[in-house]
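Colleague: need coordinates for the below:
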Amino acid sequence: MVKTLIMEDESKKPLIVLMHGDREVSTKELARTIGVKRITPCTPETAQKHSGYMVGGTSPFGTRKTMPIYMEASIRDLQRIYINGGKRGYLVGIDPKELLRVLNPTLVKAAI
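Modeller: Numbers count the residues shown, from 1 in each chain. Coordinates of the predicted model:
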């Protein structure tokens, strides 16, 4: 299971983080890695405004705004992942290599 999180930097620029469902994001490590001062999770209202999806149903595909996508590097090594398909309870099984091909995310190491 991979969760899609909408976060923003200190300038309120949104970004997407793809993380293992059972792990958390080290926002301090992520900020350091991508060269910004601070990263914080968006409020549900702000996340919905940026992505076009309700929280709990956020997908990295077809977002309202184009945002940079950062993916935990170890996700790439999994055989198959399940990721939200755009509404609560709707999961899509996909090979992580296809996710890399379609979304072209920046790989990071920010899992706690």
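Colleague: check contacts around residue 63.
Modeller: 16, 50-53 (C-beta atoms under 8 Å, 6 or more residues apart in numbering). Bear in mind the C-beta positions are built from the backbone N, C-alpha and C, glycine included.
Colleague: against residue 76, how distant is it?
Modeller: Per C-beta to C-beta, to the nearest Å, residue 63 is found 21 Å from residue 76.
Colleague: try residue 66
Modeller: Distance, residue 66 to residue 76, using C-beta to C-beta: 22 Å.
Colleague: neighbour count winner among the two?
Modeller: The neighbour comparison of residue 66 against residue 76 (other C-beta atoms under 10 Å) goes to residue 76, with 14 against 7.
Colleague: the more buried one touches residue 100, doesn't it?
Modeller: Yes. Shown here, residue 76 and residue 100 form a contact pair, counting by C-beta atoms under 8 Å, at 6.4 Å.
Colleague: nearest residue to the spatially most central residue of the chain other than its sequence neighbours?
Modeller: Using C-alpha atoms, centre = their mean, the residue of the chain that lies closest to the mean C-alpha position is residue 17, 2.5 Å off. Using C-beta to C-beta, 6 or more residues apart in numbering and skipping the chain neighbours, the partner closest in space to residue 17 is residue 5 (4.5 Å).
Colleague: mind checking the SS state of the one you found?
Modeller: Secondary structure state of residue 5, per DSSP: H, G, I helix; E, B strand; the rest coil, is strand.
Colleague: residue 41 is in contact with that one, correct?
Modeller: Yes. Using C-beta under 8 Å, residue 5 makes contact with residue 41 at a distance of 6.5 Å.
Colleague: more neighbours, those two?
Modeller: A direct count of neighbours by other C-beta under 10 Å for residue 5 and residue 41 places residue 5 higher, at 18 against 14.
Colleague: mind checking pLDDT for the more buried one?
Modeller: At residue 5, the model reports a pLDDT of 97.
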